[in-house]
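Novice: just to be clear, the model below is a prediction. Sequence and coordinates:
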Amino acid sequence: MNALVSIILGSDSDLSVMKDATDVLEEFGVANEILVISAHRNPEGLSQHIKSSPAKVFIGAAGGAAHLPGVIAAQTIAPVIGVPIKTKNMEGLDSLLSIAQMPSGVPVATVAINGARNAGILAVQILATADGALQKKLVDFKQKMKEGVEKKSKKLQELGVEKYLSEKK
């Protein structure tokens, strides 16, 4: 299996967040891999993986200084999606800014703090630009989301605010 999406974590402590990305990719039938390769503690291993990977999209997850997605982007022409991981000290704002504030010429698409699910969906959308079957799956996915929101709105209108909220508990 050649992974179309390579998810790289700076630490295994990020795995509980990043599972959402693998879940989405599997839901869409997109081959993926998930690895722990620290940009700081194993820079050679990271470079080797990036250069040898057949992945069409990379997702890098990191907290704190959060250099990993940028280091990936510096070594590939493939799209890179950064997932800032929530931290204790700054609630992930440090991670978000480290990933989003990349220098000119080294872009990293950045999702919300702990936004692994959206990173997975964005990876699918990127791949779908060249894959009609994946495009169809995305259209169906968006339709189901729309129907879910419409169903909730209808229920809210029928029940009213107080009863709707009490049923959600």
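Specialist: Looks like it arrived, so ask away.
Novice: please count neighbours and contacts with C-alpha atoms only from this point.
Specialist: OK.
Novice: where exactly do the helices run in the chain?
Specialist: Here the chain has its helices, by DSSP state H, at 15-27, 43-52, 68-73, 93-100, 116-128, 132-159, 161-168.
Novice: which stretch among those comes nearest V5?
Specialist: helix 116-128 (7.3 Å; C-alpha to C-alpha).
Novice: nearest residue to the middle of the protein?
Specialist: By C-alpha atoms, centre = their mean, the chain has its centre lying nearest to A119, at 1.9 Å.
Novice: OK, contacts around that one?
Specialist: 21, 59, 81-83, 111 (C-alpha atoms under 8 Å, 6 or more residues apart in numbering).
Novice: check A123 too.
Specialist: Here A123 is in contact with 5, 57, 59, 81 (criterion: C-alpha under 8 Å, 6+ apart).
Novice: distance between the ends of stretch 47-60?
Specialist: Start-to-end span of stretch 47-60 (C-alpha to C-alpha, to the nearest Å) is 13 Å.
Novice: picking up where we left off before, take the contacts of A119 and keep only those in strands.
Specialist: 59, 81-83 (DSSP state E).
Novice: quick check, nearest of the residues you listed to K163?
Specialist: Nearest member of the ones in strands among the contacts of A119 to K163, counting by C-alpha to C-alpha, is V83, at 36.9 Å.
Novice: show me what the closest one bridges to in the sheet.
Specialist: Listed beta-bridge partners, V83: A61 (assigned using DSSP bridges).
Novice: show the pLDDT at it.
Specialist: At V83, the model reports a pLDDT of 98.
Novice: my guess is it meets G64, correct?
Specialist: No: under the criterion of C-alpha atoms under 8 Å, V83 makes no contact with G64, lying 11.5 Å away.
Novice: neighbour count: those two, which is higher?
Specialist: Of the pair V83 and G64, V83 is the one with more neighbours under other C-alpha atoms under 10 Å, namely 35 against 21.
Novice: which residues touch the more buried one?
Specialist: Contacts for V83 (C-alpha under 8 Å, 6+ apart) come out as 59-62, 96, 99, 110-116, 119.
Novice: would JSON lines of these with distance to S166 be doable?
Specialist: Below are those laid out as JSON lines (distance: C-alpha to C-alpha, whole Å):
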{"residue": "I59", "distance to S166": "39"}
{"residue": "G60", "distance to S166": "39"}
{"residue": "A61", "distance to S166": "37"}
{"residue": "A62", "distance to S166": "38"}
{"residue": "L96", "distance to S166": "35"}
{"residue": "I99", "distance to S166": "40"}
{"residue": "T110", "distance to S166": "36"}
{"residue": "V111", "distance to S166": "32"}
{"residue": "A112", "distance to S166": "29"}
{"residue": "I113", "distance to S166": "29"}
{"residue": "N114", "distance to S166": "28"}
{"residue": "G115", "distance to S166": "28"}
{"residue": "A116", "distance to S166": "30"}
{"residue": "A119", "distance to S166": "33"}
